[in-house]
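[1] Take a look and give me a structure for this.
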Amino acid sequence: MTTHYKRRTVLLLGVTSVVAATVAESAARPCAARPLPEDRVAPAALPSVTVKLKPISYWAGVFEQSWDYQAETAQPLSRSRDSQDHYDLAYTLDGNIAMFRATGTTRYLDRALAYVENVVDASSPSTTLGRSTFRDRYRGWGSSKSGQGGDEVPLYESYFWRYATQLLVAMRQNTRVWANAAYRARYDKLLAFAEVDIFEKWYTRGAAESIYRERTHMAAHWALISLNLGQLTADAARRTRYRQVLTTIGAQIRNQMTRNPVEPTAYFWSDVWGSTRRPGQDVGHGNGVMAYVVEARDQGTTWNSADMTAFGSLLSRVIWPGGTTYREFVDGTGRDNGWIADGFVKLGRYDPNLQHRLESYQVVNDQFAANMALNAKILRA
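    Numbers count the residues shown, from 1 in each chain. Purely as a prediction, here's the structure:
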């Protein structure tokens, strides 16, 4: 397995943190699904109390504090022809989508659309990418950063397009946007690109290597893309393929879940398929699994309320046992910087007590604030 290490700087509100991200760029065929034990986790004894939560407007105000800085840093990333920059842009894109979903304000939608359209405009035919190992009829981007040598990288593209396709779902679900002809035209163009030059491209190039990935978090990106495109496509054959990928990866990830060795109400899983060895998944990459799980649960596939309770217990009792103690792995070992904005924070939408506790979380950036706003909206509903 070839592995490279990438360090990403996260702008915090008053704090700067460096997140270490281990990126594994190899692949394996999916494991066969195995039956789920009925007693996988014990019920969590979470207190049922009434809490007063901060409103959407509070989190919108936090998000707006970095609005200008966001434009200065994200616009160049969106215009880059190096796909690793799109990987980094994914967090800002998710934040704007969450703010649009939370508030219905189209300034967030417009910014998110501009980012995705810039990324599409920066693509080139694979045949013109001199260092690509594919050089076929599809459009894409090479990457010369982190030792990729100018080749096309499925990880970087899936990391960004899981949220670019989520943007299209948000547009489709908003009746006012969907009724707007100008927005519909932009939606149609981006959907066509996502279906052909993202999913079809990598599926055709080799699904075993590019989509059914070696690590849980890498496969989860494609599960989320498949979940989104399966809702949006008008093509029956494509829909069948999306559902096949979603079902396969979803079953694999669900089969990874076992009782946590330090907390019986919480889940534990390894990022290595079929393994239950400790320390298990690292929290940083586990965010990618949570980003998929939350959307799949909200759209009624694979996961149920008991699962979300177990994930919530993992966050509140194992990963973040208290104060500013943040664990590196899902078995409660190691120390980390507390970055949960890309996935785990989204669990607050299922439990007002967890949302209330997250209000005191110390590692806050614009993506975190945006998803707290969306959590607040969902809990109010």
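[2] Helices of the stretch 1-150 of the chain, residue ranges please.
    All helices of the stretch 1-150 of the chain, identified by DSSP state H, counting those that start in this stretch, fall at 56-64, 67-79, 83-103, 106-121.
[3] Return the list of helices and strands in contact with the longest one.
    Spelled out, that is helix 83-103. Packed against helix 83-103 by the contact rule (3 or more CB pairs under 8 Å, 6 or more residues apart in numbering; DSSP states H and E) you find strand 3-11, helix 56-64, helix 67-79, helix 106-121, helix 154-173, helix 366-380. To be clear about C-beta, it is placed using only N, CA and C from the backbone, and glycine gets the same treatment.
[4] If we use 10 Å, what do you get?
    If you count contacts as 3 or more CB pairs under 10 Å, 6 or more residues apart in numbering; DSSP states H and E, helix 83-103 packs onto strand 3-11, strand 16-24, helix 56-64, helix 67-79, helix 106-121, helix 154-173, helix 283-298, helix 366-380.
[5] do the same with the shortest one
    In terms of contacts (3+ CB pairs under 10 Å, 6+ apart), helix 56-64 is packed against helix 83-103, helix 366-380.
[6] Now render those as a markdown table, adding mean neighbour count, mean pLDDT and distance to N337.
    Listed next are the helices and strands packed on helix 56-64 as a markdown table, based on neighbours: other CB atoms under 10 Å; pLDDT from 0 to 100; distance: least, CB to CB, whole Å:
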| stretch | mean neighbour count | mean pLDDT | distance to N337 |
| --- | --- | --- | --- |
| helix 83-103 | 25 | 98 | 15 |
| helix 366-380 | 24 | 98 | 13 |
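[7] Including distance to V119, could those helices go into TSV?
    Formatted as TSV, the helices and strands packed on helix 56-64 follow (distance: least, CB to CB, whole Å):
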stretch	distance to V119
helix 83-103	5
helix 366-380	18
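[8] Any stretches of the chain with poor pLDDT?
    1-49 (pLDDT under 70).
[9] Show me the residue sitting in the middle of it in space.
    Centroid-nearest residue in the chain, with CA atoms, centre = their mean: A291, separated by 3.8 Å.
[10] The nearest residue to it once chain neighbours are set aside: neighbour count?
    Distance criterion CB to CB, 6 or more residues apart in numbering; nearest residue to A291, sequence neighbours excluded, is G343 at 4.4 Å. G343: 26 surrounding residues under other CB atoms under 10 Å.
[11] wait, isn't G343 in contact with H221?
    No: the pair G343 and H221 fails to qualify as a contact (CB atoms under 10 Å) at a distance of 11.3 Å.
[12] any shared contact partners between the two?
    Common neighbours of G343 and H221 (criterion: CB atoms under 10 Å, 6 or more residues apart in numbering): G288, V289, A291, Y292.
[13] which one of the residues you listed sits closest to N365?
    Nearest to N365 among those: A291, at 15.3 Å, using CB to CB.
[14] Quick check, the closest one in contact with F344.
    Yes: at 9.2 Å, A291 counts as touching F344 under the criterion of CB under 10 Å.
[15] Common neighbours of the two, please.
    Joint contacts of A291 and F344 (CB under 10 Å, 6+ apart) are N371.
[16] Distance of G322 relative to G332?
    Separation of G322 from G332 (CB to CB, to the nearest Å): 12 Å.
[17] how many neighbours does the residue lying closest to V293 once chain neighbours are set aside have?
    Excluding the flanking residues, the one nearest V293 by CB to CB, 6+ apart is W303, at 5.7 Å. Each residue near W303 was counted by other CB under 10 Å, and the total is 22.
[18] And R79, by the same measure?
    Applying other CB under 10 Å, we find 14 residues neighbouring R79.
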